[in-house]
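[1] build me a model:
(one chain, ligands or ions: 1)
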Amino acid sequence: MLTLSHYVNGKHTETSQRQQPIYEPASGELRGHVSLACKQEVSHAVEIAKQAYQTWSQVTPLNRARVLFKFKALMEQNIDELAELITREHGKVLEDAKGELVRGLEVVEFACGIPHLLKGEHTQQVGGGVDSWSVNQSLGVVAGIAPFNFPVMVPMWMFPIAIACGNTFIMKPSEKDPSSVMRMAELLTEAGLPDGVFNVVNGDKEAVDTLLTHPDVQAVSFVGSTPIAEYIYSTASAHGKRVQALGGAKNHMLLMPDADLDQAVKALMGAAYGSAGERCMAISVVLAVGNSGDKLVEALLPQIENLKVGNGLTPEMDMGPLISAQHLQKVRDYVATGVAEGATLIADGRNLSVKDQQQGYFLGACLFDNVTPEMTIYQQEIFGPVLAIVRVKDYAQALNLINKHEFGNGTAIFTQNGEAARHFCHHVEVGMVGVNVPIPVPMAFHSFGGWKRSLFGPLHMHGPDGVRFYTKRKAITARWPKASVTTEGSAFIMPTMN
Ligand code: NAD
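    Okay, the predicted model is just below:
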């Protein structure tokens, strides 16, 4: 049985008094227990990180980057082991787990460029004999709180840039699948990261609340559901912290009648059902414009029929289980609500039975047609393998629906019409937009974030916004007059430069 505690000051700690079980979603079997940190344990980790900050913030950016280069190499050497940890605890198929690792490592690659990224700006002679420049300085101890659905990639959106900038870090992984973060903590130590720079506290609300209110935590990065993101944003902001809190999603694909249907259907299958729909960038609604709906249904159904659902460790699977028995029940309830509210369930995954995995948290792909904007399954995030088709008369109606939705994380248009695509990119009220690309996740050197109730706070994750989030800017104005020429008296008016 696995027992996970915390990782503080470069080592694993004693287990806490409170613990929570970890299950393997494919079998439903108990895998072990994870500690839930109390207030004192979290405060101890913050104190350790605060001490480590004194020296880490003074290490040169080049040497901080060199630790990350080694960490990247170690992650690559251990990629099979890490992917297996993800699949065992999350359930997603092994190749998808490797994809998540690669996307996370791209942020490490970006953070390795920190000597360049931290450079400030300099203007000579802003006034007679006066120069001005700005520098980007680290914040101190910063914290990250992650969701279950990308146990490695989401933490890696945060900590590589934070520590490259000279901060020290407290990571609070999801209590549902914490093993891969603990392994990354070991690999960071092996890469030469000084003790106390990266710490992991496992836990639940008690641990999170301690981080949100602790006076020595300067900034909080959060990714998870919208109600918790909003709570994190308001609580941590009220305690004087810088916050970026990414929330839930309901991502629409706008399917124009002129789209390449074959391409759109292939893209849609992966975007709706990959990782069992447990992705914040999953497509969960198709707005089928004009007559595109009938052709879409006809093309989708045989593909859904052929989906291979099973244990993510078994080669060739397309889709694994959901994260927990409770979440499986929640998604099944949404399917029942969709039927009760009058949508047409044309593929029903509820009766799926996976051989040798009877206790696993599996749900087959579900497809609803004739969904309307008033229905619960249209309005709320389901976070499962459930795709809704809404029939709309034209492009304008489709765009209006997307713009009215409470969430604005990702969206995509599938069309051959450049003018429609261009209009869509300009006018859609969503943070990440794809044109014939179903899951438009920005690369590590751009920034990731949604609009509306999908993001609380002004700065997105990683890329240039990541560097801005984890640094504070200081502007310096200086002159070095010779004592003999200092003839000016005191100035009582707003200083202006000549
Ligand atoms: P969640 O909100 O339940 O949990 C996220 C984190 O918050 C976990 O670490 C959890 O321990 C902590 N938490 C939960 N309840 C809390 C409370 N009451 N007080 C303080 N902390 C609490 O989310 P989840 O189920 O782990 O993840 C799925 C959600 O994350 C989905 O809504 C998905 O859309 C979202 N998500 C968003 C993005 C994005 O980029 N916008 C990316 C990935 C996931």
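[2] please identify the helix or strand for L68.
    Assigned by DSSP states H and E, L68 falls within helix 61-77.
[3] oops, could you answer that again for S35 instead?
    Going by DSSP H and E, S35 is in strand 29-36.
[4] who does the helix or strand immediately after that strand in the chain touch, helix- and strand-wise?
    Moving toward the C-terminus from strand 29-36, the next helix or strand (DSSP H and E) is helix 39-56. Applying 3 or more C-beta pairs under 8 Å, 6 or more residues apart in numbering; DSSP states H and E, one finds that helix 39-56 contacts strand 7-8, strand 141-145, strand 168-172, strand 198-200, helix 205-213. To be clear about C-beta, it is placed using only N, CA and C from the backbone, and glycine gets the same treatment.
[5] gap between helix 39-56 and the chain center?
    25 Å (C-alpha atoms, centre = their mean, to the nearest Å).
[6] can you tell me if that helix touches the ligand.
    No - judged by C-beta under 6 Å from any ligand atom, helix 39-56 makes no contact with the ligand; its nearest approach is 12.3 Å.
[7] pretty sure G113 contacts A65?
    Yes - assessed by C-beta atoms under 8 Å, G113 is found in contact with A65 at 7.3 Å.
[8] tell me which of those two has more neighbours.
    Comparing G113 with A65 by other C-beta atoms under 10 Å, the one with more neighbours is A65, at 20 against 15.
[9] quick check, pLDDT for the more buried one.
    A65 is assigned 98 on the pLDDT scale.
[10] re the thing from before, residues in contact with the helix holding L68?
    With contact meaning C-beta atoms under 8 Å, 6 or more residues apart in numbering, helix 61-77 is reached by 56, 82, 101, 105, 108-109, 111-115, 118, 160, 163-164, 166, 184, 187-188, 190-193.
[11] then stretch 29-37?
    1-6, 15-16, 18-24, 45, 88-89, 175, 178, 201-204, 206-207, 210, 359.
[12] may I see the buried residues of it?
    31, 33-37 (16 or more other C-beta atoms under 10 Å).
[13] closest one of the residues you listed to A475?
    Minimum distance to A475 across those is 38.9 Å, recorded for A37 (C-beta to C-beta).
[14] from the ligand, how far off is the closest one?
    As defined by C-beta to the nearest ligand atom, to the nearest Å, A37 lies at a distance of 11 Å from the ligand.
[15] try S237
    15 Å.
[16] contact residues of the chain facing the ligand?
    Going by C-beta under 6 Å from any ligand atom, the residues of the chain near the ligand are 145-150, 154, 172, 174-175, 204-205, 208, 223-225, 228, 246-249, 280, 381, 383, 409, 450, 454.
[17] can you tell me which of these are buried?
    145-150, 154, 172, 174-175, 208, 223-225, 228, 246-249, 280, 381, 383, 409, 450, 454.
[18] next step: those residues restricted to helices.
    The helices in this structure, assigned by DSSP state H, contain 154, 208, 228 from those.
[19] got a markdown table for those, with pLDDT too?
    Conversion of these to a markdown table gives the following (pLDDT from 0 to 100):
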| residue | pLDDT |
| --- | --- |
| V154 | 98 |
| V208 | 98 |
| I228 | 98 |
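[20] nearest to D131 among these?
    Looking across these and measuring by C-beta to C-beta, the closest to D131 is V154, at 41.5 Å.
[21] so what's that closest one up against?
    Contacts of V154 (C-beta under 8 Å, 6+ apart): 146-147, 223.
[22] state the distance from it to K50.
    Applying C-beta to C-beta, to the nearest Å, the value for V154 to K50 is 24 Å.
[23] one more: R103?
    Taking C-beta to C-beta, one finds R103 at 31 Å from K50.
[24] among the contacts of helix 61-77, which ones are buried?
    Buried, going by 16+ other C-beta under 10 Å: 56, 82, 101, 105, 108, 111-112, 114, 118, 160, 163-164, 166, 184, 187-188, 191, 193, out of the contacts of helix 61-77.
[25] helices - which of those residues land there?
    With helices taken from DSSP H, the overlap with the buried ones among the contacts of helix 61-77 comprises 56, 82, 101, 105, 108, 111, 114, 160, 163-164, 184, 187-188.
[26] buried residues in stretch 213-227, which are they?
    Quick answer for stretch 213-227 (16+ other C-beta under 10 Å): 214, 217-226.
[27] ok so, going back, switch the ones in helices among the buried ones among the contacts of helix 61-77 over to JSON lines; also include pLDDT and distance to D318.
    Listed next are those as JSON lines, based on pLDDT from 0 to 100; distance: C-beta to C-beta, whole Å:
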{"residue": "W56", "pLDDT": "98", "distance to D318": "43"}
{"residue": "L82", "pLDDT": "98", "distance to D318": "21"}
{"residue": "L101", "pLDDT": "98", "distance to D318": "19"}
{"residue": "L105", "pLDDT": "98", "distance to D318": "24"}
{"residue": "V108", "pLDDT": "98", "distance to D318": "29"}
{"residue": "A111", "pLDDT": "98", "distance to D318": "33"}
{"residue": "I114", "pLDDT": "98", "distance to D318": "38"}
{"residue": "P160", "pLDDT": "98", "distance to D318": "30"}
{"residue": "I163", "pLDDT": "98", "distance to D318": "36"}
{"residue": "A164", "pLDDT": "98", "distance to D318": "36"}
{"residue": "M184", "pLDDT": "98", "distance to D318": "27"}
{"residue": "L187", "pLDDT": "98", "distance to D318": "30"}
{"residue": "L188", "pLDDT": "98", "distance to D318": "33"}
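[28] show me which of these is closest to G140.
    The closest of those, once distances to G140 are taken by C-beta to C-beta, is W56, at 10.4 Å.
[29] ok, and the closest non-adjacent residue to that closest one?
    V197 (4.9 Å; C-beta to C-beta, 6 or more residues apart in numbering).
[30] which residues touch that neighbour?
    49, 52, 56, 163, 168-169, 188.
[31] can you give me the strands for the stretch 351-498 of the chain?
    366-369, 386-392, 407-408, 410-414, 432-435, 451-452, 455-456, 471-479 (DSSP state E, counting those that start in this stretch).
[32] nearest to S132, of those strands?
    The nearest among the strands of the stretch 351-498 of the chain, by C-beta to C-beta, is strand 471-479 at 4.6 Å.
[33] and the contacts of that closest one?
    So strand 471-479 is contacted by 118, 120, 126-127, 129-139, 165 (C-beta under 8 Å, 6+ apart).
[34] rerun that using 10 Å as the cut-off
    117-118, 120-123, 126-140, 161-162, 165-167, 218-219, 242, 486, 495, 497 (C-beta atoms under 10 Å, 6 or more residues apart in numbering).
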